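Participant: Would you be able to build a 3D model of this:
(chains A and B)
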2 protein chains.
Amino acid sequence: MSRPVPRRPQHHKINKDLFVLTYGALVAQLCKDHEKDEDVNKYLDKMGYSIGTRLVEDFLARTCVTRCHSYSEITDIIAQVAFKMYLGVTPSVTCNNASRNEFSLILDKNPLSEFVEELPTGRSSLCYCNLLCGIIRGALEMVHLTADVTFLQDRLKGDTVTEIGIIFLKQPNEKKYRRRK
Amino acid sequence: MSRPVPRRPQHHKINKDLFVLTYGALVAQLCKDHEKDEDVNKYLDKMGYSIGTRLVEDFLARTCVTRCHSYSEITDIIAQVAFKMYLGVTPSVTCNNASRNEFSLILDKNPLSEFVEELPTGRSSLCYCNLLCGIIRGALEMVHLTADVTFLQDRLKGDTVTEIGIIFLKQPNEKKYRRRK
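Facilitator: Numbers count the residues shown, from 1 in each chain, chains lettered A, B, ... in the order given. Predicted coordinates:
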């Protein structure tokens, strides 16, 4: 059914509102299909993973990203380049531990839930934007980095910000994860 | 769960690939849920309708569109302003009858199916992009215009172009469908 994302140097910019509303329709559909929030969350993560594995090639083709020397640099690129490109926002980044493999992407405003006032009734454990975690996980996997990616805070759950936690699980191997030229 | 699309004058541009891949995930999910292509098509149209009814306000707020004097003018705006804004392409428009209430939007390339090589096996009647028909129908409904919107040709089905047919079903009432100022 599908073919690889073709490499195209030019940018294809669109207004994001149609995407945001379509994403809402996807989440609503999954909520109809699955009674448990955990199942919806898993499904969104799984879908996101699949999207991430395809999107990363397109991302590398479009950007000047070549080689990263640290987890910190990788996280900065996710925040400053990828989020900006695909969602139009730039989260701030914090490092959460001394060994520098745990980071947070902090969003004052999450465009993907822009039109959502609150979680649907009885859906208090729903990670509405869990697709994003899956996308990051899938994209990292394609450059040979294994990571746990989860929502740590969510404005839809009453937190003051939305925070995505990334824990890199292996030491990076430069030869493996640097971009092929 | 949802709140109205807020009016924001500025544009929010993003790269469309994430949207296109997420849409693919939505269609794949619906294909899992519904055995018959007709049911998937109906569902996509229904979802699109709901999105269109919300998107139109945002569209009118962002654009300089105020008042249309003919179906032809309305169709031109859908093609030249709305498609450009939300999908990054401008379909050509043809009028298909003498009473000038039947039009076609013709796309040489459909960005929404850009990463799709062919329809899934056993899904030959699937209107992959039927969400678009629903969106147009829903948006028109909100400006008090009733229309039939369907795919007449689809490159995914072997046609040389993708063609969306719009049949306006009622005479427009200027007072009703012009934009409130």
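
Participant: residues in contact with the most centrally placed residue in chain A?
Facilitator: With distances taken as Cα atoms, centre = their mean, the residue of chain A nearest its centroid is A:L132 (3.0 Å). Neighbour list for A:L132: A:G48, A:L112, A:I164 [criterion: Cβ atoms under 8 Å, 6 or more residues apart in numbering or on different chains]. In this view, the C-beta of every residue, glycine as well, is placed from N, C-alpha and C.

Participant: Looking at those residues, spot the one nearest A:T90.
Facilitator: Within these, the smallest distance to A:T90 is 13.2 Å, found for A:I164 (Cβ to Cβ).

Participant: got the contact list for A:T90?
Facilitator: So A:T90 contacts A:A79, A:Q80, A:F83, A:K84 (Cβ under 8 Å, 6+ apart).

Participant: which residue sits closest to the residue of chain A found nearest chain B, ignoring its sequence neighbours?
Facilitator: At 3.7 Å from chain B, A:F19 is the closest residue in chain A, using Cβ to the nearest Cβ. Sequence neighbours aside, B:F19 is the residue nearest to A:F19 in space, at 3.7 Å (criterion: Cβ to Cβ, 6 or more residues apart in numbering or on different chains).

Participant: Determine the next helix or strand in the C-terminal direction from the host helix or strand of that neighbour.
Facilitator: Following DSSP states H and E, one finds B:F19 within helix B:17-33. Per DSSP H and E, the first helix or strand lying C-terminal to helix B:17-33 is helix B:37-62.

Participant: Check which helices and strands the following helix or strand past that following helix sits against.
Facilitator: Proceeding N to C from helix B:37-62, the next assigned helix or strand is helix B:71-77, under DSSP H and E. The elements that helix B:71-77 packs onto, with contact taken as 3 or more Cβ pairs under 8 Å, 6 or more residues apart in numbering or on different chains; DSSP states H and E, are strand B:92-95, strand B:102-107, strand B:162-168.

Participant: wait, doesn't A:F19 sit right on B:L21?
Facilitator: No. Here A:F19 lies out of contact with B:L21, judged by Cβ atoms under 8 Å, at a distance of 10.3 Å.

Participant: Before we move on, what's the pLDDT of A:K170?
Facilitator: We have a pLDDT of 71 for A:K170.

Participant: The closest residue to it other than its chain neighbours: neighbour count?
Facilitator: Closest residue to A:K170 apart from its sequence neighbours, by Cβ to Cβ, 6+ apart: A:T146 at 5.3 Å. Counted with other Cβ atoms under 10 Å in any protein chain shown, the neighbours of A:T146 add up to 12.
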